Each structure stands twice: as structure tokens, then as C-alpha cells.
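Asker: Fold the following.
(2 chains)
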Amino acid sequence: MNYERELLKGSTDSLLLCLIKNQPMYGYQIIKEIDKRSKGYFQFKEGTLYPALHRLERSGLIQGRWQRLPSGQERRYYYITPKGQKALVERLAIWQDFSTAVALIIQPTTG
Amino acid sequence: MPAKSSYTDSLKDYLRLEPTIENDVVRELNTHFEDKSHELIESGLSEEEASNTAAKLFGSPRIVAKQMYEVYSQGSWRQALFAALPHLLVAALFALHCWQNTIWLLGIIIAVACSVIYGWCHGKPAWLFPWLGYCLSPVIAIGILLIYLPGSWTWLAAIAYIPLALLVIVPVTKQTIRKDWLFASLMLLPVPIVLGWMLALELEDKVMWYQQLHELASPIALSFVVLALTVATFIRIRQRRVKVGALLMLEILILLMMALRGNSAISFGGWLLLGLLALILLLGPALLERKIREADQKPLKPSNKSAH
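Answerer: The predicted model follows:
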């Protein structure tokens, strides 16, 4: 359980950047989207999500903006910044290399 | 939604962020709370049940506030340097034997006054408080000098001085504590050190005092350099408990350095009292903050109830 938490902790920022990259989203929407896309595997708690979003915003990787919904309610949408896009590309490349290396060790060798 | 407002109130109690950031954070969490409650109501819960469940799902407001605090609590290196600057200027004053140089002294006074006015009018950032402490130091220094007045003049002057000094120190400290008690500790940090050095010098004998000041100039400068490092460390650290620990450890270290320097007029008991004063000035603001918050909340409670 702790191992799973540690893995998620290390990937939270990349997951959030990935989600926001295609479409600006607000906190509640992000939680729902992560839950839907991971088929319930990742269940982010609000207490984890918002500090992570604000940390990313403080690092200049994303930017939050208040926007009015058609219903009249206001939500804080997060947009990826050019710095965030660059960081995401780098992180995804590292992740690809890492997962390939892990797969090479875990999976039985053929031939 | 009583659970929502009680959650928001608890969160505000622990957040201690810049007012604009704090308002944004609370507003954002409120909108999430509303979305979550709405979803739970649609799934068949009553409004009260939905609100309570949403509050539970959010997790402890204390932990959420702590994590949010750690996002914003770390100042930049530039802020750390600017916060440490007043102590570095005082250290330079003694290291370069410039304490009688009018230009140096005037320069420091102008720098302190300008920084305090600018910081006070621009949202009271963390770097302001070490500067603010120096604004209060003349008040404390006058109090110490009263000890050396002849005979009953000390008592007469003290009667006039104490209320006037409190009139200046109390509102400033109270305002600072309202922002965050840790900033009041940061502001009052040099008091035991300034007091220690003033008591260590024999002010009654002018010739001896001048000679002593020359002898002690280097350790005085060193103590203010350590003070500057303490402030810079405080600004750079994220975790609140570590910030308190750093202030405590380094302040005690400076007092130990001063005591080990020897040949001072302060006895062992005097150093113990200075240590105790340092503890009171560092941790006392935490107790005062609790009292101030309790006093602030008392008149608000009936109006909160009527709002529901």
C-alpha cells in the first residue's frame, strides 16, 4: 500500500500536467477525469490535489484562472504554461525510458 | 451547509497565507465542496448528509492547510537575503568599527524606515519583520538606558516610559501576530541579543564602555551574522515546525556564544534569564495568537448562527 502511494506521489505532477495539457480543467473536474480515465484506480483526495495544483502553479508549470460557467458559477480553471509543456515532454521521456528499463527486467526474456 | 462553513472556518484558522492567496484557496475549495455535495445529493443523500460526507472526504482541514502552507511558505533566495539584510548591516557596522560614523548610522536608519514603510504598505511580506524589529529597537534601548539614570530618576522615567513603550510595541506586535505569530517571533528575535550585549557593556563608565565596545566588536558582529543566517534559514524552510526549531536553536546558540565570550558583566543567572526571555519572546506570540483569535471569534459566533 505504501509502495503504491509512493509511486503515485512521484507521478502526481506528471499526471496532472498530462490531463491539463489537452484541456483546461478545474479541481473537481480533474478528480472526476482521473477516476474515469484510470477506471477507478487513481482516486485523488482533495487534500492531495489542491496542494499539488498550487505547487505546480507556483513553479510556473500551470496557471489558474477564475472563469464563469454557463450556470453562472465560477470555477478556477488550470491551464498548462509553455514551461509546463516543456517540463511534461521531459518527464514523459524519462518515464518512457524508466518503464522500458523496468519492463526489460520484470518481463521474462525471449530468445 | 453547516459542515461546509465549519470546515472553511477550521481551514482558515490553520492556513496563515497571504490574504489574497488565502481567499483564493478558500474560494476554490468551497466551489469543490459545492460540486461534491451536489453530486452526493443527486446520488440520494440529504443536504446535511451530503455536506457532512463531503467534509469527511476532504480530509482533516489541519492537514490540507499544512500542505497548502508548505506550498507558499518558502521564500526565494532574494527574499531570504533581504530579510537577513538588517542584521548584516548591523554586523558590518561593528565589524568595520563604524558605530560612530554618522553616515553609516543615518544610512541604516533610512534603510530601515524605507523598508518598513514599503513592506507594511505592500501586504506585509515575511522579509518585513526583521526590519520591523529594528524599528522597535530604539524603544527597547531607551528602556535599558533608563537603568543608568541617577537614583530615583530611574523610577520616575520608568513610570512615563512603560506606558509609552507599550503604546508603540503592543499594537505592532498584535498586528503582526494577527498575520502569523511566527512573524512576531522573527521580529522579536534580536531583543535578547541586543539586551545581552547592552548589559554586557558597563555603560556607566564612558571610557571603559568605549574600550569594551572595541574589544567586543568582532563577537557582536559575529552574533548578528548568525542572526542573519537564522533569518535566511527561516525564510527558506517550508515546514512550520522546522522554522520554529531553527529560530530556537540558533537563538540559543547565539546566546551561548555570547556567554562563552566571557569577561562580561552578566552572571550565570543573568544568562539563564536571557535564555528564558528568548524562549518567551519566541513562543509567547503563539499563546497570544490563540487569545487574540478567541477574542476575535467571540463576537462573531452569534452572527454565524443567525446566518444558518
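Asker: Quickly list the domain ranges of chain B.
Answerer: Chain B breaks down by automatic domain parsing into domains covering B:2-70, B:75-294.
Asker: tell me the SS of residue A:66?
Answerer: strand (DSSP: H, G, I helix; E, B strand; the rest coil).
Asker: quick revisit: just put the domains of chain B in JSON lines and tack on mean pLDDT and mean neighbour count.
Answerer: Heads up, the C-betas are built off the backbone N, CA and C, glycines and all. Listed next are the domains of chain B as JSON lines, based on pLDDT from 0 to 100; neighbours: other CB atoms under 10 Å in any protein chain shown:
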{"stretch": "domain B:2-70", "mean pLDDT": "86", "mean neighbour count": "17"}
{"stretch": "domain B:75-294", "mean pLDDT": "86", "mean neighbour count": "17"}
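Asker: Put together TSV for these, with distance to residue A:62 on each row.
Answerer: Formatted as TSV, the domains of chain B follow (distance: least, CB to CB, whole Å):
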stretch	distance to residue A:62
domain B:2-70	13
domain B:75-294	19
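Asker: now stretch A:6-17: how far from the chain's centre is it?
Answerer: 6 Å (CA atoms, centre = their mean, to the nearest Å).
Asker: what do you get for stretch B:215-230?
Answerer: Per CA atoms, centre = their mean, the centroid offset for stretch B:215-230 relative to its chain is 20 Å.
Asker: Give me the residues contacting that stretch.
Answerer: B:84-85, B:87-88, B:90-95, B:97, B:99, B:189-190, B:193, B:197, B:200-201, B:246-247, B:250-251, B:253-254, B:257-258, B:261, B:263 (CB atoms under 8 Å, 6 or more residues apart in numbering or on different chains).
Asker: can you tell me which of these are in helices?
Answerer: B:84-85, B:87-88, B:90-95, B:193, B:197, B:200, B:246-247, B:250-251, B:253-254, B:257-258 (DSSP state H).
Asker: phi, psi of the residue of chain B positioned farthest from its centre?
Answerer: Within chain B, residue B:44 marks the point farthest from the mean C-alpha position, 49.4 Å out by CA atoms, centre = their mean. Main-chain torsions, residue B:44, degrees, to the nearest 10: phi 120, psi 0.
Asker: Could you check the pLDDT of residue B:307?
Answerer: With respect to pLDDT, residue B:307 scores 39.
Asker: let me fix that: residue B:301
Answerer: Reported pLDDT for residue B:301: 53.
Asker: tell me the contacts of residue B:104?
Answerer: B:93, B:96, B:98.
Asker: what about it, which helix or strand?
Answerer: Assigned by DSSP states H and E, residue B:104 falls within helix B:102-121.
Asker: And the domains of chain B: which comes nearest residue A:44?
Answerer: When those are compared by CB to CB, domain B:2-70 sits nearest residue A:44, at 10.9 Å.
Asker: Please settle this for me: is residue B:234 part of a strand?
Answerer: No: using three-state DSSP, the assignment for residue B:234 is helix, not a strand.
Asker: and chain A, which of its residues are near chain B?
Answerer: Counting by CB under 8 Å from any CB of the partner chain, the residues of chain A close to chain B are A:26-28, A:45-48, A:50-51, A:54-55, A:58, A:64, A:73-76.
Asker: so what's residue A:87 up against?
Answerer: Residue A:87 touches A:17, A:61, counting by CB under 8 Å, 6+ apart.
Asker: Going by secondary structure, it is in what exactly?
Answerer: Counting by DSSP H and E, residue A:87 is part of helix A:82-106.
Asker: quick one: contacts for residue A:20?
Answerer: A:30, A:62, A:78-80, A:84.
Asker: Give me the buried entries from the residues you listed.
Answerer: A:30, A:62, A:78, A:80, A:84 (16 or more other CB atoms under 10 Å in any protein chain shown).
Asker: Pretty sure the first one sits against residue A:19.
Answerer: Yes: Residue A:30 is within contact range of residue A:19, at 5.9 Å (criterion: CB atoms under 8 Å).
Asker: Identify the residues contacting the residue of the stretch 151-300 of chain B at minimum distance from chain A.
Answerer: Residue nearest to chain A within the stretch 151-300 of chain B (CB to the nearest CB): residue B:238, separated by 10.5 Å. By CB under 8 Å, 6+ apart, the contact list for residue B:238 reads B:70, B:73-74.
Asker: those strands in chain A, which residues are they?
Answerer: Here chain A has its strands, by DSSP state E, at A:25-26, A:62-68, A:74-80.
Asker: Would you format the buried ones among the contacts of residue A:20 as CSV with distance to residue B:32 included?
Answerer: Conversion of those to CSV gives the following (distance: CB to CB, whole Å):
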residue, distance to residue B:32
A:30, 10
A:62, 17
A:78, 13
A:80, 20
A:84, 22
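Asker: Dump those residues to TSV, plus pLDDT.
Answerer: Formatted as TSV, those follow (pLDDT from 0 to 100):
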residue	pLDDT
A:30	94
A:62	96
A:78	96
A:80	96
A:84	96
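Asker: okay, among the residues you listed, which ones form the most distant pair?
Answerer: A:30 and A:84 (14.4 Å).
Asker: follow-up on the earlier one: near chain A, which of the contacts of residue B:238 show up?
Answerer: Within those, those near chain A by CB under 8 Å from any CB are residue B:70.
Asker: So which of the contacts of residue B:238 is the closest to chain A?
Answerer: residue B:70 (7.4 Å).
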